[in-house]
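> Pasting the sequence and the predicted coordinates here, then a few questions.
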Amino acid sequence: MTVSKMTWRPQYRCSKFRHVFGKAATKENCFDGVPITRSVQDNNFCAVNPRFLAVITECGGGGAFLVFSLHHTGKLDPHHPRVSGHRGNVLDIKWNPFNDYCIASCSEDTTVCTHTHTHIQSDLKIHKKTVKPVNPNPLVTANLLNTDETKQQKKEKMSFLLSLFSSNVSCLGLQVKVWEIPPHGVMKNVTVPWKDLQGHSRRVSLVEWHPTANNILFSTGYDYQVMIWNLDSPEQVIKNPVRTITQHSDVVLSMSFNTDGSLLATTCKDRKVRLMESRTGNLLQEGNSKTHKASKVLVLGNMKMLVTTGTSRWNERQIALWDQEDLSVPLLAENLDGSSGVLFPFYDPDTHMLYLAGKGDGNIRYYEISSEKPYIHYLTDYRSLLPQKGMAAMPKRGLDVSSCEVFRFYKLVTIKSLIEPVSMIVPRRSESYQEDIYPMTASNRPALTAEEWLGGIDKGPVLMSLKPGSQLPESHSEMKGLANSTDTRRSQSRPGMLPLAYIQDRPETKDAKEAAGRADDGRISLTNGEDLALCSPPKTENELRQKFHKQQEEIRRLRELLGQRDVRIKQLELEIKNIKNSQPA
């Protein structure tokens, strides 16, 4: 193993990403006034997809998070509705990679189940809100038992008090919840989840979606177990996971999949890095370096390597590279600095670029990964005076290809209650589509159903092109509100990107229906089904803001529809021209 001090002198090698630079959004394009959580958990506390941004917020009376559209920048309404169904602080949230309207969350619910002892029940009726775990004082316990009660009453009271010690953890309502977000965002508080996953015995700290199989969710917590959930199950409350991985002897700190999701890498508080089969949990490799304490892990796509961030024996922040086939010794370990904040790694398998964002500092380092020594090539770093608490990475299908954007972060700045987008841009003079920096990338169409994956099938992701007009997102007509969610939805694969011909050939899509309705009636209908002639004027500023956001969303969707029509017209004109040219003179 080679341990070296990170050199800041760039190596001049042939690379199209050598001059990548970071560009922060202007204040008008940031999200201001966001009450970001004050939790000390080493998570990112936010998640993003091409439609919505979700961030865990600080609130009383249980855990909650905010969801708002990416187009609604500026000052956030302090009374913005929340997703609030947890009884404890929310620790992690993740968007479904195949459904932009589905998000999973986990929390540290610390409520205590009330035992139905008759003599104690009357003493506990005064609580009307969530009760936190009880740690009885021995002196108070003695005073309770010195009252003038019968021997049987004292015995029952003592057994109940002892049960508070023993079942303080076992009776907690520790759950993972999966939520449906309305197509136009959260307009009122959401408290009823789509799925309620109950199985962990202690607080749940991490959730991860499978990268290629639809509706497969992984969760782990302080019970040292990794649970696999099948959301295609018809039950609303799922109490039994399909698999439980018990390879860990301490708290799991991070999880990461390879490209096809067949392998799962984890880091644990016992200092070990593990690589296992994601479906069965069979341990393939295990590493424990005395000079590197790993906290976060990433599988580097199909390069058969892992990268971990952590600390050295001298408490310096460190990055280590591992061979997937042999985790006994790291291939490379490099010290970065002496800061104490955890390093969040982000990897782009299309460009082979690795980004490191430190918690508590404002810098983002980025490197290029190669399969040959020295493996990690430092490029440069983005510097900022605003420290970040967490980061969210936009999926590739949500990037602005016209400005040569190859990565985008959403940075949580707690000291200013601000969420700041930061774009990584390749400088190019031409404004045309740059195919060399945008190879085929993973789409939001699942390659497998949950049943196929559980049956033993592995497939790589369905690829798509980022070239404008080549792939178009599906209409959200298949999304249903929570009021109509009484059936067993999402049992089938729901692709998020459909070919242009497929969309144009389906007259039953929502956009086509609305366009036909406007042609017949001569009236413009709102997205919630209200007619302008019947729509009552807003009475409050909050209602006015909601109506404005609905109109903005309607205008955006109409522009998308017009763009689709223009592309289709050009395709038909080209086909007609080809047919004419192929006919004999």
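That came through, no problem. Residues are numbered from 1 along each chain as shown.
> Please identify which helix or strand holds Arg557.
Using DSSP states H and E, Arg557 maps to helix 541-582.
> Out of the helices and strands in this protein, which is least certain?
In the chain, the helix or strand scored least confidently by mean pLDDT, DSSP states H and E is helix 118-121, which has a mean of 32.
> And the helix holding Arg557, what does it pack against?
Contacts defined by 3 or more Cβ pairs under 8 Å, 6 or more residues apart in numbering; DSSP states H and E place helix 541-582 against strand 472-473, helix 500-504, helix 510-521. Using the backbone N, CA and C atoms, a C-beta is placed for each residue, glycine as well.
> in the stretch 201-350 of the chain, which spans are strands?
For the stretch 201-350 of the chain, the strands defined by DSSP state E, counting those that start in this stretch cover 204-209, 216-221, 226-230, 237-238, 243-245, 252-257, 263-268, 273-277, 283-287, 292-299, 305-312, 317-323, 332-337, 343-348.
> On the strand side of things, show who Asp92 bridges to.
Cys106 (DSSP bridges).
> and it, how many neighbours?
When neighbours are counted by other Cβ atoms under 10 Å, Asp92 registers 23.
> Contacts only, for it.
Taking Cβ atoms under 8 Å, 6 or more residues apart in numbering, we find Asp92 in contact with Gln41, Asn43, Asn44, Phe45, Ser105, Cys106, Val204, Ser205, Leu206, Val207.
> try it again with 10 Å
Asp92 makes contacts with 41, 43-45, 47, 56, 65, 104-107, 176, 204-208, 219-220, as judged by Cβ atoms under 10 Å, 6 or more residues apart in numbering.
> any idea of the pLDDT on it?
Looking at Asp92, its pLDDT is 94.
> Can you give me the separation between it and Ile36?
For Asp92, the distance to Ile36 (Cβ to Cβ, to the nearest Å) stands at 14 Å.
> repeat for Glu541
Distance from Glu541 to Ile36, counting by Cβ to Cβ: 24 Å.
> and the two? which has more neighbours close in?
Ile36 (22 against 10).
> Isn't the more buried one up against Tyr410?
No. Counting by Cβ atoms under 10 Å, Tyr410 is not a contact partner of Ile36; they are 11.7 Å apart.
> Tell me the residues that contact both of these two, please.
By Cβ under 10 Å, 6+ apart, the residues touching both Ile36 and Tyr410 are Cys46, Val55, Gly390, Ile419.
> Phe437 and His19 touch, don't they?
No, residue 437 isn't Phe; it's Ile. No. Using Cβ under 10 Å as the test, Ile437 is too far from His19 to be in contact (11.8 Å).
> low-confidence ranges in the stretch 401-550 of the chain?
471-539 (pLDDT under 70).
> at 80 what do you get?
430-431, 470-543, 545-546 (pLDDT under 80).
> Also the stretch 101-250 of the chain?
The low-confidence ranges in the stretch 101-250 of the chain, as defined by pLDDT under 80, are 109-175.
> Tell me where it has helices.
118-121, 138-145, 151-166 (DSSP state H, counting those that start in this stretch).
> Need the residue closest to the centroid of this protein.
Central residue of the chain (Cα atoms, centre = their mean): Lys94, 2.3 Å from the mean position.
> now the helix or strand hosting that residue against strand 204-209, angle please.
Assessed by DSSP H and E, Lys94 sits inside strand 89-95. Interaxial angle of strand 89-95 relative to strand 204-209 (axes from the mean of the first three to the mean of the last three Cα atoms, to 10 degrees): 10 degrees.
> what angle do strand 89-95 and strand 216-221 make?
Using the same axes, to 10 degrees: strand 89-95 against strand 216-221 is 160 degrees.
> ok, now which ones touch Ser219?
92, 94, 104, 106, 175-176, 197, 199-200, 204-208, 225-229, 241, 252, 255.
> what about 8 Å?
Neighbours of Ser219 in contact, by Cβ under 8 Å, 6+ apart: Cys106, Val176, Leu197, His200, Val204, Leu206, Val207, Glu208, Val226, Met227, Trp229.
> do you know how far it is from Ser262?
19 Å.
> cool, and Pro211?
Where Ser262 is concerned, Pro211 sits at a distance of 10 Å (Cβ to Cβ).
> the more surrounded of the two?
Pro211 (22 against 17).
> Could I get the contacting residues of the more buried one?
Pro97, Phe257, Thr259, Asp260, Gly261, Ala442, Pro461.
> And Lys177, by the same measure?
Gly85, His86, Ala104, Ser105, Cys106, Pro193, Lys195, Asp196, Leu197.
> Which residue, other than its chain neighbours, is closest to it?
Nearest non-adjacent residue to Lys177, counting by Cβ to Cβ, 6 or more residues apart in numbering: Pro193, 4.0 Å away.
> these two touch, right, that neighbour and Val176?
No. Using Cβ atoms under 8 Å, Pro193 is not in contact with Val176, being 9.2 Å away.
> Who has more neighbours out of those two?
Val176 (28 against 22).
> quick one: that one and Met276, what's the gap?
Distance from Val176 to Met276, by Cβ to Cβ: 20 Å.
> go on, Gln41?
On the measure of Cβ to Cβ, Gln41 and Met276 end up 24 Å apart.
> And the two? Which one has more around it.
Met276 (20 against 17).
> That one pairs with what?
Leu264, Leu283.
> Which residue ranges of the stretch 401-550 of the chain form strands?
Using DSSP E, counting those that start in this stretch, strands in the stretch 401-550 of the chain cover 405-413, 418-425, 441-442, 463-464, 472-473, 497-498.
> show me what contacts the closest residue to Lys195 other than its chain neighbours?
Among residues not flanking Lys195 along the chain, Val178 sits closest, at 4.0 Å (Cβ to Cβ, 6+ apart). Val178 sits next to Cys102, Ile103, Ala104, Ser105, Pro193, Trp194, Lys195, Asp196, Leu197, Leu217, Leu231 when contact means Cβ under 8 Å, 6+ apart.
> that older thread, please work out which of the strands of the stretch 201-350 of the chain is packed deepest.
Across the strands of the stretch 201-350 of the chain, averaging neighbours per residue (mean count of other Cβ atoms under 10 Å) puts strand 216-221 on top, at a mean of 26.
> Run me through the strand neighbours of that strand, direction for each.
strand 204-209 (antiparallel), strand 226-230 (antiparallel).
> For Leu343, find the nearest of those strands.
Within the strands paired with strand 216-221, the stretch nearest Leu343 is strand 204-209; the backing value is 16.7 Å (Cβ to Cβ).
> now the closest one: how far from the chain's centre is it?
9 Å (Cα atoms, centre = their mean, to the nearest Å).
> Run through who's touching that strand.
Residues outside strand 204-209 that contact it (Cβ under 8 Å, 6+ apart): 41, 43, 91-97, 104-108, 174-176, 216-222, 251-252, 254-257.
> For that strand, C-alpha coordinates in CSV please.
Only the C-alpha atoms of strand 204-209 are listed here, as CSV (Å, rounded to 0.1, in the frame of the first residue of the first chain):
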residue,chain,number,x,y,z
VAL,A,204,-32.9,3.5,10.7
SER,A,205,-30.1,5.6,9.3
LEU,A,206,-29.8,4.9,5.6
VAL,A,207,-31.9,4.0,2.6
GLU,A,208,-30.8,3.1,-0.9
TRP,A,209,-32.7,2.2,-4.1
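> Residue ranges of each domain in this structure, please.
3-111+172-425, 118-166, 499-585 (automatic domain parsing).
> wait, which of these is closest to Pro468?
Judged by Cβ to Cβ, the one of the domains of the chain that comes nearest to Pro468 is domain 3-111+172-425, at 7.0 Å.
> if we can go back for a sec, right, so of the strands paired with strand 216-221, which gets closest to Ala294?
strand 204-209 (14.9 Å).
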